[in-house]
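>>> give me a model of this one.
(chains A, B and C)
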Amino acid sequence: MPLPSIARSDELAPLVVDWFAVHARDLPWRRPGFPPWGTLVSEFMLQQTPVVRVIPRLDEWLTRWPEPADLAAEPAGEAVRAWQSLGYPRRALNLHACAVVITERFGGAVPNDVDALLSLPGVGDYTARAVAVFAFGSRHPVVDTNIRRVIARAVDGHPDASTPNAKRDLPAMTALLPADDTAAARFNAGMMELGALICTARSPKCEVCPLANVCAWRAAGYPDVEITRKPKQKKYEGSDRQARGAIIRVLRESPGPVPAARLAEAVTEPAQYSRALSGLLADGLLVAIDDDLFALP
DNA sequence: GTCCAGTCAT
DNA sequence: ATGACTGGAC
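Numbers count the residues shown, from 1 in each chain, chains lettered A, B, ... in the order given. Okay, the predicted model is just below:
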């Protein structure tokens, strides 16, 4: 069979947009008409967290706090409680802080431009662009780890993305973006889904990939397919991170302040307990009522 | 065990 | 550039 050819930069978008139109996973957010506040909350929740775990939590949050001002009116600890076990609870704290800033400085409406969004706490390059594009339909590149992998393979012919670098990644995505705003947003969403569902890190499903015929990596015969290096993630079991999680869990499941002794029970190693406790206090995830009593903020 | 849709502080 | 930050799924 003939070798596939390498994609021209304007070939990719229509293939991805057409594929996305048919095979898009049914994500309630990242669709036209979804409220910008919902998009902001969902993108926060999706940072480091699989979509299946986000869906029920997003639903609860938006029912309880349909507008930023609704969340801003609550103590931050309620956000941490409602975060439940999504992990990285500082995201809940940041989201509450976002709600306060949006209410106080942006008249209660999520800002629509990338620079204003970047000024919000916990909003970085990815989230700012995701909200501008998916909530407001602006034409910007949105680059996440999935998109970096798809570009690395389909365009550059590499087996995987190198370390993130906005100076390189954003122009690379811009070069592929259709001129039309709506098409650009769909292309962005489609590239994410393609990376998440088809062009996966471990076992890409090239048989069903809309880019198979133009993919540079495939055209080159899948060089270095075995590379799969492991940067060796640290053990979670027994870590300080696990200790933090255990302490927050006790606070979350208690209606009010908790004596230190009850928090200490959640961690077996005393030195680890004090490290985790001071870390949480420093992060503002925990406040001391007095020497012996702690609560969510 | 291994993986993972980001942000921020070193 | 590197590492801290979490918890569940496979």
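
>>> residues of chain A that sit close to DNA strand C?
A:48-50, A:52-53, A:85-90, A:163, A:165, A:231, A:233-234, A:236, A:239-242, A:244-246, A:248-249, A:279, A:285 (C-beta under 7 Å from any atom of the strand). C-beta coordinates here come from the backbone N, C-alpha and C atoms, glycine included.

>>> show the pLDDT at the residue in the stretch 101-250 of chain A that DNA strand B sits nearest to.
In the stretch 101-250 of chain A, no residue comes nearer to DNA strand B than residue A:124, which is 2.6 Å away by C-beta to the nearest atom of the strand. Residue A:124 carries a pLDDT value of 93.

>>> near DNA strand B too, which of the residues of chain A next to DNA strand C?
Within these, those near DNA strand B by C-beta under 7 Å from any atom of the strand are A:48, A:50, A:88, A:233, A:236.

>>> which of the residues you listed are buried?
Burial by neighbour count, 16 or more other C-beta atoms under 10 Å: within these this picks out residue A:88.

>>> can I get the ones next to DNA strand B among the residues of chain A next to DNA strand C in a markdown table with secondary structure and pLDDT?
As requested, those are arranged in a markdown table below (DSSP: H, G, I helix; E, B strand; the rest coil; pLDDT from 0 to 100):
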| residue | secondary structure | pLDDT |
| --- | --- | --- |
| A:48 | coil | 87 |
| A:50 | coil | 85 |
| A:88 | coil | 94 |
| A:233 | coil | 78 |
| A:236 | coil | 86 |
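
>>> got the domain ranges for chain A?
If you go by automatic domain parsing, the domain ranges for chain A are A:12-24+A:141-219, A:36-135, A:240-295.

>>> in the stretch 151-297 of chain A, which residue sits closest to DNA strand C?
residue A:245 (1.7 Å).

>>> so what's that residue closest to, chain neighbours aside?
residue A:87 (7.6 Å; C-beta to C-beta, 6 or more residues apart in numbering).

>>> what number of residues lie near the one you found?
By the measure other C-beta atoms under 10 Å, the count of residues near residue A:87 is 15.

>>> torsion angles phi and psi at residue A:287?
In terms of degrees, to the nearest 10, the main-chain angles of residue A:287 are phi -120, psi 150.

>>> before I go, just wanted to say thanks for your time.
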